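1. just to be clear, the model below is a prediction. Sequence and coordinates:
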Amino acid sequence: MSRRPARAYIGLGSNRDDPTGQLARAVEALGRLPNTVPGPVSAFYRSAPVGRRAQSPFVNAVAALETTLAPAALLRALAHIEAAHGRRRGRRRWGPRPLDLDLLLYGARRIQTARLTVPHPRLLQRAFVLQPLCEIAPISRLPPYKARLRLRLRRLGAQRVMPLDRPGRPSTAPRSGAAGTSAPGQGSAAA
Ligand code: ROI
């Protein structure tokens, strides 16, 4: 079946076994998905764990894809990449993990099945998702939330999210914007 490409946004997170390397390899794997053209990737951000606090800090990012994979097929492909990175499902909920890939948005679609809810149900509560998402997503590509995302991000100021400088990649982290989401002098959202 041929379908029009959708712009999907994928949240990446890791706090085990070389998190930065995990994310770098996951970005490459996303770029090799069938029927998919890779789009922009945010900076990598270091963030304190949300939820279960007694664990190592996370590295998070968001990647955009143009894909004709259906949402369920994309979800399966993400699970496949997670498994290749040593992720085992069914372990402690919200515990440490080598790689977490979340389908955050799939075009403007709202999807509710037993396995998948899109937009991601906790998208608006997590600065570690909103900050990189706002960095790469033009507001016009963000139905149904649009500008509210940046407003939300500002309200999540207590969740600290700091851009990492990665070797071989110019820091793309924005340098001004939503106060309180990052350390003074460091980048934050809302360009
Ligand atoms: N906290 C942060 N900062 N980043 C994550 O990717 C992340 N993922 C999770 C939980 C444990 C909820 N907390 C997180 O699954």
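-> Received the coordinates, thanks.
2. just give the nearest non-adjacent residue to whatever residue of the chain ends up closest to the ligand, would you?
-> For the chain and the ligand, the shortest gap (C-beta to the nearest ligand atom) falls at G13, measuring 2.6 Å. All C-beta spots, glycine's among them, are computed from the backbone N, C-alpha and C. Nearest non-adjacent residue to G13, counting by C-beta to C-beta, 6 or more residues apart in numbering: D100, 4.3 Å away.
3. looks to me like T20 is in a helix.
-> Yes: using DSSP: H, G, I helix; E, B strand; the rest coil, the assignment for T20 is a helix.
4. wait, it touches P57, no?
-> No: with contact defined as C-beta atoms under 8 Å, T20 does not count as touching P57 (11.4 Å).
5. which residues does the nearest residue in space to R160 that is not next to it in sequence contact?
-> The shortest distance from R160 to any non-neighbouring residue, by C-beta to C-beta, 6+ apart, is to A48 (5.8 Å). Neighbour list for A48: 57-58, 159-160 [criterion: C-beta atoms under 8 Å, 6 or more residues apart in numbering].
6. of the residues you listed, which are in range of the ligand?
-> F58 (C-beta under 6 Å from any ligand atom).
7. okay, and for this structure, where does confidence drop off?
-> 1-2, 87-95, 139-147, 166-191 (pLDDT under 70).
8. swap in 90 and give it another go.
-> Applying pLDDT under 90 to the chain picks out residues 1-3, 17, 51-55, 85-98, 108, 123-125, 134, 137-160, 165-191.
9. close to the ligand: what parts of it are there?
-> Counting by C-beta under 6 Å from any ligand atom, the chain comes close to the ligand at 13, 47-52, 58, 60, 94, 100, 128.
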